[in-house]
Each structure stands twice: as C-alpha cells, then as structure tokens.
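In: Pasting the sequence and the predicted model now:
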Amino acid sequence: MTRIDRIRLHRIDMPLIRPFRTSFGTQDARDILLVEAITSDGVSGWGECVAMSWPGYSYEYVDGCVDVLTEHLVPLVLRDGVVDPLEVHRRLARVQGHPMAKTALETAILDAWLRTRSERLVDFLGAEYPGQVRDEVDCGVSVGIPPSESLSELLDEVSGYVDAGYRRIKLKIEPGWDAQPVRAVRETWPEILLQTDANQAYTRGDAALLAAMDRFDLLLVEQPLPEDDLLGHAALAREITTPVCLDESITSVAVAETALAVEATSVINIKPGRVGGYLTAVEIHDLCHQRGVVVWCGGMLETGIGRAANVALAALPGFTLPGDTSASNRYYAVDVTPPFVLDEGRLAVPSAPGIGVEPIPEILAELTTWSALIER
Ligand code: OSB
Ligand code: MG
C-alpha cells in the first residue's frame, strides 16, 4: 500500500516582471513555499502555498506556514503516511485555521495519490459533472496600481494584456485610485469585460464613492469592505448596481452560505488557498452552482504548480466568468514548471495525471533559497 514517507519543503524566490501594487502593499518578488510529498514508491506530488511573506492579504505568511507545517500539519500525516484525500482533509482539520498551509500539503498529497492512480486532478475534482468539464479555461488578468500612479502607464499595461488576448481585465482600486482609472480604461475599451478589486480598502461610508463607478458597466466589484463585514457588504450591495463579489471574506463553505443568505455577495471568487484546499473549493462551487450563483477562480501570483491546479478547478461547469488564471509570463520571465501560455485568451487544462506539471529540477534548484526534509 502506498504511503507518504517524506515531505520536502522548498522555499523559492521568484522575481516579478513588474512590481504588483494593491491596496495592501507592493510586491517586487514572490517568496513562495512549495510542498513536495514523496510516496513509499518514490512518486512526488506537488502543492503550492499561496501565502505571501507578510500578513497583508490574510493573516498567513510564509514563515508562519513553514512553522505550522513543520510543527503541526506534516506530523499529522507522516504519523501513518495517510494518502487518502478525504482522510488527509479530515486529519488537517484538527488544526484550526491556516488554510494556505493546509492547501499546500493537501494538494501535494492529492497530486501524489492521483499520479499513482494515473488520474488527472480535473477528472477527480469534476467527478460529479461527467461530460461537463472543460479542457481549456477563459483567462482574465489582474492589473495592479501603477507605482507611478500614472494613467498612461496603466493604459499601456492594459493595452498589452488586451493585445495578448485576455478575456477580462481586473483593475486594483483604492481610495484615490478608482473612478478615474476605471473611466480611462472603460473609455479606451468600451466592450471589454471589466471589474475592480479593492482588497478591503473602503469603509461603510464610501457607498457614494463606489456607486460613482456603476456607470462604467463593471462585471463586479471585489471585496470593497473589510473581510469580517458581511452585513456592510449586504448594505452596500443595496446601494450600488455593480454586483458585489467577495474574495477575502469567503473562508469556508459555511461563510459562503451565510454571505449568500444575507445577500452580501452575488458572485464568489474561489481561491483554494483561502478556503483550505481544492476539496473545499469544489464544495463552494457546488453550493453556488446549485443556487445559480456565478463563481470564478481567483489567483495569488502562483507559479506553474499552483496555476496548474487552479486551471483544473476553473474547468468545472460553475466557473462561468474568466478567472485570474493568467499565463506564466504575466508575472514571471521564468516559471518553475514549463510555462502556461495563452491561446486565444485561454489556458489548456494539463493532460497528464495529477496536477499535470512538475518543477524543472535545474530551475527549481536555481530559485531555491531554503529547503527542509521531514521524514517519518
Ligand atoms: O485579491 O485577488 C486578489 C494577488 C495577491 C493577493 C490577492 C489578490 C491578488 C490578485 C492577483 O488580484 C491574481 C493573480 O493574477 O494571480
Ligand atoms: Mg481579490
């Protein structure tokens, strides 16, 4: 019987093509933890931890993830080498919180398990939807606030993405960088699918400011208010015509259900790392799909490892809006896996077993700043 014998943590440093500024801070490089789960048959599975190096988007951060993985999560699975995905999921639930760390470990083990069975992640995730799972997904792109705060720089960047074929543009906004850039992009591309993301930068008193963007025909506004303010989002949703979409707030199936019940959100951004894994991500998808609520797949500047798994998730039938599933070259000159390349604004779902890709050893070695092996 296959067991998980060893877990290796790889910390890598990936320079970004250009700085990525949001309302919570600026990143120049991505400090990323990859988890490798190695079976008793010598098969490796991979998972990416989407935490950032500082707790700006959520409370998780890379040093904290290394600690909770090493001290708490990895020991729970190495005790008996459990590989069954549902059992791994139940096991990790004994630790409170830390969804990004859990997702990385759960995905690595799931990938290893699927590889030993020669089954693709997309077929596993989409098992309830035979014949309805896509083999390519529509891609959008998230556009940061230009560090110069220059409109012409923003339009140049967006123009590059439009030319590359992206099917939807998302603009990061914050007070002081909102209606003006949104208007400039809308006037330049009257037909493009356009949405905004505030990453919690507004307050309950800002409804008029946000309503001022209703005239730009936006698909949605993502996470305008603080994460815990579901009722604030519900009140705001009554004040503006642009649909409210929650990202940071949706941390579990139960919260998703509550947010829908109080009408705090009418569209959901599903990010596996934020909700604690691909199994939970599918549950939220199923809940929304049953209720006719649209979902789309978010992103966290993933390498090819996380991107591969996200593309598989985004192939499920409820993902009807383009996701933040951009090509590798949106963020990185060199990806740690073979690059994901856009084809007519779409990415292909990998055809190989598991997540379908793995790191290129020489590139991984070059990018690695630290690694640790944890054994049974
Ligand atoms: O809020 O969706 C977000 C990146 C890091 C943290 C939070 C967010 C984002 C993005 C980029 O918007 C999504 C991507 O292209 O991966
Ligand atoms: Mg967001």
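Out: Nice, I can see it. Ligands and ions are numbered 1, 2, ... in the order given.

In: CA atoms of stretch 92-99 as CSV?
Out: The C-alpha trace of stretch 92-99 is given here as CSV (Å, rounded to 0.1, in the frame of the first residue of the first chain):
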residue,chain,number,x,y,z
LEU,A,92,-5.7,18.5,8.7
ALA,A,93,-9.0,19.9,10.1
ARG,A,94,-7.7,19.1,13.6
VAL,A,95,-5.6,22.3,13.3
GLN,A,96,-7.6,25.5,13.4
GLY,A,97,-7.2,28.0,10.6
HIS,A,98,-4.0,28.1,8.4
PRO,A,99,-5.9,27.3,5.1
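
In: How about residues contacting it?
Out: 59-60, 64-65, 68, 72-73, 76-77, 102, 105-106, 251, 273-277 (Cβ atoms under 8 Å, 6 or more residues apart in numbering). Yep, even glycine has a C-beta here, placed from its N, CA and C like the rest.

In: Could you list which residues are in contact with residue 242?
Out: 210, 213-214, 218, 220-221.

In: and with 10 Å instead?
Out: Contacts for residue 242 (Cβ atoms under 10 Å, 6 or more residues apart in numbering) come out as 195-196, 210-211, 213-221, 224, 236.

In: for residue 56, same thing?
Out: 22-27, 199 are the contacts of residue 56 under Cβ under 10 Å, 6+ apart.

In: Could I have the PyMOL command that selects the buried members from the residues you listed?
Out: Applying 16 or more other Cβ atoms under 10 Å to those leaves a buried subset, and the PyMOL line that selects it is:
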select buried, resi 22+23+24+27+199
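
In: Show me what from the stretch 151-300 of the chain comes close to ligand 2.
Out: 197, 222, 247 (Cβ under 5 Å from the ion).

In: Now the second one: closest residue in space that isn't a chain neighbour?
Out: Of all residues not flanking residue 222 in the chain, residue 197 sits nearest, at 3.9 Å (Cβ to Cβ, 6 or more residues apart in numbering).

In: Who is the one you found paired with across the strands?
Out: Counting by DSSP bridges, residue 197 is bridged to residue 172, residue 222.

In: neighbours around it, how many?
Out: 26 (other Cβ atoms under 10 Å).

In: can you tell me which residues contact it?
Out: Contacts of residue 197 (Cβ under 10 Å, 6+ apart): 22-23, 142-144, 170-174, 220-224, 245, 247, 269, 298, 324.

In: Residue 265 too?
Out: With Cβ under 10 Å, 6+ apart, residue 265 has these contacts: 220, 222-223, 230, 233-234, 237, 243-247, 249-250, 256, 258-259, 288, 293.

In: let's see it at 7 Å
Out: 233, 244-246, 259 (Cβ atoms under 7 Å, 6 or more residues apart in numbering).

In: Need those residues in CSV (columns: secondary structure and pLDDT).
Out: What follows is these, written out as CSV (DSSP: H, G, I helix; E, B strand; the rest coil; pLDDT from 0 to 100):
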residue, secondary structure, pLDDT
233, helix, 98
244, strand, 98
245, strand, 98
246, strand, 98
259, helix, 98
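
In: Next, format the residues you listed as JSON lines and append neighbour count.
Out: Listed next are those as JSON lines, based on neighbours: other Cβ atoms under 10 Å:
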{"residue": "233", "neighbour count": "24"}
{"residue": "244", "neighbour count": "24"}
{"residue": "245", "neighbour count": "27"}
{"residue": "246", "neighbour count": "25"}
{"residue": "259", "neighbour count": "21"}
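
In: returning to that earlier point: out of the residues of the stretch 151-300 of the chain next to ligand 2, which touch ligand 1?
Out: 197, 247 (Cβ under 6 Å from any ligand atom).

In: Nearest to residue 122 among the residues of the stretch 151-300 of the chain next to ligand 2?
Out: Of all those, residue 122 sits closest to residue 247, with 23.0 Å by Cβ to Cβ.

In: Wait, the closest one touches residue 298, no?
Out: Yes - with contacts counted by Cβ atoms under 7 Å, residue 247 reaches residue 298, the gap being 6.0 Å.

In: tell me, what's touching the two both at once?
Out: By Cβ under 7 Å, 6+ apart, the residues touching both residue 247 and residue 298 are 269, 271.

In: Looking at these two, which has the bigger crowd around it?
Out: Taking other Cβ under 10 Å, residue 247 and residue 298 do not tie; residue 298 has more neighbours (27 against 21).

In: ok, back up a step: just the closest of the contacts of residue 265 to residue 329, please.
Out: Looking across the contacts of residue 265 and measuring by Cβ to Cβ, the closest to residue 329 is residue 245, at 26.2 Å.

In: distance of the closest one from residue 4?
Out: For residue 245, the distance to residue 4 equals 36 Å [Cβ to Cβ, to the nearest Å].

In: quick one: secondary structure of the residue in the stretch 1-150 of the chain that ligand 1 sits nearest to?
Out: Residue of the stretch 1-150 of the chain nearest ligand 1, by Cβ to the nearest ligand atom: residue 142 (3.6 Å). Counting by DSSP: H, G, I helix; E, B strand; the rest coil, the backbone at residue 142 sits in strand.

In: top strand in the chain by residue count?
Out: strand 4-22 (DSSP state E).

In: hmm, that strand touching ligand 2?
Out: No - using Cβ under 5 Å from the ion, strand 4-22 stays clear of ligand 2, with a minimum separation of 8.2 Å.

In: hang on, the earlier thing: of the contacts of residue 56, which are in range of ligand 1?
Out: residue 199.

In: Looking at the contacts of residue 56, which one is closest to ligand 2?
Out: Ligand 2 lies nearest to residue 199 out of the contacts of residue 56, by Cβ to the ion, at 5.7 Å.

In: residue contacts, the residue nearest to that closest one when sequence neighbours are not counted?
Out: Spatial nearest neighbour of residue 199, excluding adjacent residues (Cβ to Cβ, 6+ apart): residue 23 at 4.6 Å. Residue 23 is in contact with 172, 174, 198-199, 201, counting by Cβ under 7 Å, 6+ apart.
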